[in-house]
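> Model the following, please.
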Amino acid sequence: MDSSVIILIIFLLLFLLSIPAIIFLIAYLAAKSRKKKQKLLLEQIGTPEYYAFVRYNMGNAQNEFFKIKAFQGSGMIYVEGENIHFIDTLRQNPHTFPLHESSIKWEDINIVNGLLKWFSISDQEKKYYFNIESGMFIFNLNSSKPTTKSVFERLLKYQNEI
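Next up, the predicted model:
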C-alpha cells in the first residue's frame, strides 16, 4: 500500500474521531453558559418564594412545524406575592401573570416540539408555554431538579391558595 494512502486513512480516522469530541465540547460550553445566565437571573431578582429555570415558547410559536429549535428561549419563572413572573435570559419577553386572573394548563407532550412535556400560563394579554430546562444528560446529573410536571403542580398549588 502506498504511504500517501496510509497517511490519508490516518487523517480520515482522526477527523472522524474528532467529531464526537467537538460535539461534547460544544455541549459542555453550552451547559456552562446556561448555568452562568441562570445565576445572573437569580442574582437579579433576589430570593423569590419559588423559582424554576424553564424553556419557553410564546403564543403560536408552540405549534409551528418548521423551526430550528423546539423552544424560543430560556428563562426563569418565579412566584412573588400573588404573581407568577417570567423573565428570559435575553430580557426581551418578560411578563407578569396575576395568579387570580391567569390560567395554568397542562399541555402534555407536543410532537412538533421534540416530544417534550409542556404546560402553559395565559392571561388576558399573553400565553406562554413552558418546559423545564434540562440541558444535556451527561452534564445534568442532579436528580433533585424539578420536572415540568412538578413545576406545573407547584404553580397550581400557589394559585389554589389565593
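> CA atoms for contacts and neighbours, from now on please.
Will do.
> hang on, Glu49 packs against Asn83?
No: using CA atoms under 8 Å, Glu49 makes no contact with Asn83, being 10.7 Å away.
> Among these two, which residue is more densely surrounded?
Ranked by neighbour count (other CA atoms under 10 Å), Glu49 and Asn83 place Asn83 first, with 17 against 9.
> Please name the nearest non-neighbouring residue to the more buried one.
Pro98 (4.5 Å; CA to CA, 6 or more residues apart in numbering).
> measure the one you found to Ile121 for me?
In this view, Pro98 and Ile121 are 10 Å apart by CA to CA, to the nearest Å.
> For the lowest-mean-pLDDT helix or strand in the chain, name the packing helices and strands.
Counting by mean pLDDT, DSSP states H and E, the chain has its least confident helix or strand at helix 3-45, which shows a mean of 84. Packed against helix 3-45 by the contact rule (3 or more CA pairs under 8 Å, 6 or more residues apart in numbering; DSSP states H and E) you find strand 73-80.
> go again using 10 Å as the cut-off
Applying 3 or more CA pairs under 10 Å, 6 or more residues apart in numbering; DSSP states H and E, we find helix 3-45 packed against strand 50-58, strand 73-80, strand 83-88.
> Can you report how many residues neighbour the residue nearest to Gly75 when sequence neighbours are not counted?
Distances taken as CA to CA, 6+ apart put Asp88 closest to Gly75, at 3.7 Å, once the chain neighbours are dropped. A count of nearby residues for Asp88, using other CA under 10 Å, gives 22.
> Also Ile23?
Number of residues near Ile23 (other CA under 10 Å) recorded here: 10.
> go on, the one 3 residues further on?
Other residues near Ile26 come to 12 when the count uses other CA under 10 Å.
> Contact partners for it?
The contact partners of Ile26, by CA atoms under 10 Å, 6 or more residues apart in numbering, come to Pro20, Lys32.
> Begin at 27 from now on, thanks
From this message on, residue numbering opens at 27, which makes the last subject Ile52.
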